[in-house]
Structure formats: structure tokens, C-alpha cells
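> With the sequence up front, the predicted model follows.
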Amino acid sequence: MRVLVIGGSGTIGQRLVPELRARGHEVVVGSRTAGDVKVDITSASSIRDMYQLAGELDAVVCIAASGDMDDFATLTEDELLANMRGKLLGQVNLVLIGQRHLAERGSFTLTSGIFADYPARGVTGGGLISGALHSFVLSAAIELPRGLRINVVSPTVVEDSADAYRDSFPDLKPVSMQSLVTDYVRCVEGPGTGEIVRAYGGT
Ligand SMILES: NC(=O)c1ccc[n+]([C@@H]2O[C@H](COP(=O)([O-])OP(=O)(O)OC[C@H]3O[C@@H](n4cnc5c(N)ncnc54)[C@H](OP(=O)(O)O)[C@@H]3O)[C@@H](O)[C@H]2O)c1
């Protein structure tokens with residue numbers, strides 16, 4: 001398959017891209033600053049340009065996002081909107097625009113996160129966004145044309161980020177990179193659609 005991995009240069013991407021290549025897929029990496037195609041998912045026109053440049057695609061995986069932790073006492077609509085552009089609306093636009101570009105029976109695999117299901121301090125925006133992504137995937141799965149599939153992987157803190165997040169989320173047991181990569185590969189290669197893959201390890 002020809003697979004576009006947006007965010008393929010990031011923490012999760014650096015593990016997923018070699019595995020997809022080892023399994024015989026042709027992988028195109030996209031991001032704002034690194035990889036084969038430049039894209040900023042916060043911009044619909046950038047996403048349109050990316051699909052024009054990327055050529056024929058069988059699968060799109062998005063593990064790209066930007067956004068900050070928040071302080072509920074002072075949280076504003078503008079701060080939430082900025083986070084939503086970086087993770088929710090960017091991924092939604094990848095699907096709304098990309099549905100016209102993917103090959104028949106192609107697939108989208110999006111990324112949400114554990115705070116959709118488990119609240120923690122400082123991630124109200126993250127929880128809201130990930131919950132919305134789960135609902136979006138349920139709708140998109142029954143709306144997408146031409147047999148296109150869509151799934152979302154919802155990781156807890158990942159093994160390779162454990163040190164960075166230990167102080168903020170001491171109760172979360174990291175999911176192993178191998179297990180997480182297997183979840184993404186199954187979304188790309190398997191038949192499933194409308195699945196919310198909760199990669200919560202031993203939490
Ligand atoms: N790491 C964790 O423990 C963890 C846990 C739960 C959920 N997640 C979720 O998993 C996803 C990936 O996490 P990660 O830790 O791998 O992230 P990361 O290491 O920060 O990497 C992010 C990747 O996305 C790209 N990117 C960021 N903003 C972009 C934009 N607007 N347009 C296009 N590309 C963009 C970055 O490249 P450029 O800077 O070059 O654009 C980079 O390749 C995120 O949605 C994150 O919330 C991560």
C-alpha cells in the first residue's frame with residue numbers, strides 16, 4: 001500500500017514508519033518541517049495542496065498534533081479553539097478533504113488520546129478534543145464513500161514519552177511502543193471501520 005503518515009517524524013511516527021516500511025508499504029511522511037511532503041493540518045488550503053502533491057494514496061495515518069496543557073480556572077474559548085485547530089479540526093479536515101483523494105477501500109487512521117475517557121488536571125482541551133474525535137469517527141465510518149474506512153487510535157502516555165510526562169500524569173502506566181505500533185498497523189491493514197482503539201496498556 002502507499003501510506004501517507006502525517007507526523008511521521010514525531011515520537012510515535014518514528015516507531016510506526018519503519019514498521020510500515022518493513023511490512024512492504026511505501027510510506028510518504030508529511031509534517032510542517034520534515035519529511036517528503038510539507039503540510040500544516042491547521043490550514044485547509046495546506047491540506048488540499050498536500051493531497052495534490054502526494055499522488056495516489058491507499059491510507060492516511062495522522063499522528064500529528066499541536067496544543068498546550070490548560071489551566072481550567074483561566075481557560076478561554078480562544079485557547080480551546082487553538083488546541084482544536086491543532087488536533088481536532090486538522091484531522092477532521094484531513095478526512096473531509098481526503099475522502100475525494102484516497103483510492104477505493106482506502107483508510108484513514110486518526111489519533112486521539114486517553115483523556116477522552118479518563119479526566120486529569122490540565123487537559124480539559126485534550127479530553128474535549130479526543131472525545132469529539134471519537135464521535136467524528138463513528139459518523140464518518142457510515143458516511144464515507146467507496147468503501148473507505150476510518151478508525152482512531154487513542155493512546156495513553158506512550159513508552160517513549162514516559163519521562164516527559166511522568167510528573168504531569170504519575171498515575172498513567174505507559175503503553176509499549178510495540179503494542180501501540182501494532183494497533184496502528186491493524187488499522188491500516190485490517191478490515192475494521194468505526195473503531196476506537198483504546199491503547200491504554202495496563203492503566
Ligand atoms: N506521546 C504521547 O505520550 C501521547 C499520548 C497520547 C496521545 N498522543 C497523541 O499522539 C499524537 C502524536 O504524538 P507524538 O508524541 O508522537 O507527537 P510529537 O512527538 O510532538 O510529534 C508530532 C508530529 O506531528 C507533526 N506536527 C505537529 N503539528 C503539525 C501540524 N499542524 N501539521 C502537520 N504536522 C504537524 C510534527 O512535525 P513538525 O513539527 O515538523 O510539523 C511531528 O512530526 C498527538 O495527537 C498526541 O496528542 C501522544
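That came through fine. Residues are numbered from 1 along each chain as shown.
> Leaving out the residues flanking it, which one is nearest to the residue of the chain found nearest the ligand?
At 2.1 Å from the ligand, residue 10 is the closest residue in the chain, using C-beta to the nearest ligand atom. All C-beta atoms are positioned from the backbone trio N, CA, C, and that covers glycine. In space, and not counting its chain neighbours, residue 10 is closest to residue 63: 6.1 Å by C-beta to C-beta, 6 or more residues apart in numbering.
> residues near the one you found, how many?
Each residue near residue 63 was counted by other C-beta atoms under 10 Å, and the total is 26.
> In this structure it contacts residue 14, no?
No - Residue 63 sits out of contact with residue 14 when judged by C-beta atoms under 8 Å, with a separation of 9.8 Å.
> overlap in contacts of the two?
Among the neighbours of residue 63, those also in contact with residue 14 (C-beta atoms under 8 Å, 6 or more residues apart in numbering) are residue 8.
> For the closest residue to residue 155 other than its chain neighbours, the count of nearby residues, please.
Among residues not flanking residue 155 along the chain, residue 199 sits closest, at 4.5 Å (C-beta to C-beta, 6+ apart). Using other C-beta under 10 Å, residue 199 has 21 other residues around it.
> Let me see the contact set for residue 199.
When contacts are counted by C-beta under 8 Å, 6+ apart, residue 199 is found next to 153-156, 175, 179-180, 183.
> Next: residue 142.
Residues in contact with residue 142, defined by C-beta under 8 Å, 6+ apart, are residue 194.
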